[in-house]
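# after the sequence you'll find the predicted model.
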Amino acid sequence: MRRNFAAVDCPNDTCSYLYDGVLPNGSYTWFVIASNDLTAIRSIRGRFTVAFPGRSTLQAPINGVQVTPLPTFSWTDLATANEYRLTVIRNNTGLVYFRTPWLNETAVCTGGVCSFTPSEPFRQGGFSWFIESRATGIPNTMKTGRSAFRVIP
């Protein structure tokens, strides 16, 4: 991919570019060529790596379903992730209500599906949840979208 900038792209002598696509995992090199009518100068090369484990799919509870105070959360296992973290948000406050430590895939996943049941019951009310996935040696995590559920007695 090559992008040519005009002077308007460089306010206060600082240029930037936000790529609006999705780069697949891999290593990338970038550089800048500054030019005018007389000459062109190329910068030194910069390098970066895109490394994300991928995004799981939430399986249950989803779409505002009603659950008991001890719901079991389930999501798809990723071949590229080996740890997951479950976060539950209280809808009326937007605050974290429950969060697991990082869960090892071998402890919570089998047959392509991961699941976790909290040991303490939840209070009644509306909640949303999401999963973060990560892989050993990759500093980045990926979050799923949120899905809502309601705890009833």
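Received, thanks. Numbers count the residues shown, from 1 in each chain.
# where in this structure is pLDDT low?
Low-confidence segments of the chain, defined by pLDDT under 70, span residues 1-9, 18-23, 51-53, 137, 139.
# quick one: the helix or strand where residue 34 lies to chain centroid distance?
Per DSSP states H and E: residue 34 is located in strand 33-35. On the basis of Cα atoms, centre = their mean, to the nearest Å, strand 33-35 is displaced by 35 Å from the centre of the chain it belongs to.
# that one pairs with which strands?
strand 40-42 (antiparallel) (DSSP bridges).
# any chance you could list what contacts stretch 33-49?
Counting by Cβ atoms under 8 Å, 6 or more residues apart in numbering, the neighbours of stretch 33-49 from elsewhere in the structure are 26, 27, 28, 29, 30, 31, 32. For glycine as for every other residue, the C-beta is placed from the backbone atoms N, C-alpha and C.
# what about the helices in the protein?
105-108 (DSSP state H).
# between the contacts of stretch 33-49, which is closest to residue 132?
Closest approach between the contacts of stretch 33-49 and residue 132, by Cβ to Cβ: residue 26, at 21.8 Å.
# can you count the residues close to the spatially closest residue to the closest one that is not a sequence neighbour?
Using Cβ to Cβ, 6 or more residues apart in numbering and skipping the chain neighbours, the partner closest in space to residue 26 is residue 50 (6.1 Å). Each residue near residue 50 was counted by other Cβ atoms under 10 Å, and the total is 12.
# shift numbering so it begins at 51
Sure thing, new numbering starts at 51, so read that last one as residue 100.
# pretty sure residue 100 is touching residue 192, no?
No - distance between residue 100 and residue 192: 11.7 Å, which falls outside the contact criterion (Cβ atoms under 8 Å).
# domain parsing of the protein, as residue ranges.
57-100, 108-201 (automatic domain parsing).
# just the ones you listed: most buried one?
Among these, judged by mean count of other Cβ atoms under 10 Å, the one packed with the most neighbours on average is domain 108-201 (a mean of 15).
# select the longest strand from the protein.
Secondary structure assigned by DSSP state E gives strand 175-184 as the longest strand of the chain.
# rewinding a little: among the contacts of stretch 83-99, which lie within strands?
Judged by DSSP E, the contacts of stretch 83-99 include 76, 77, 78, 79, 80 as members of strands.
# now, which of these sits nearest residue 167?
Comparing every one of the ones in strands among the contacts of stretch 83-99 with residue 167 (Cβ to Cβ), the shortest separation belongs to residue 76, at 37.4 Å.
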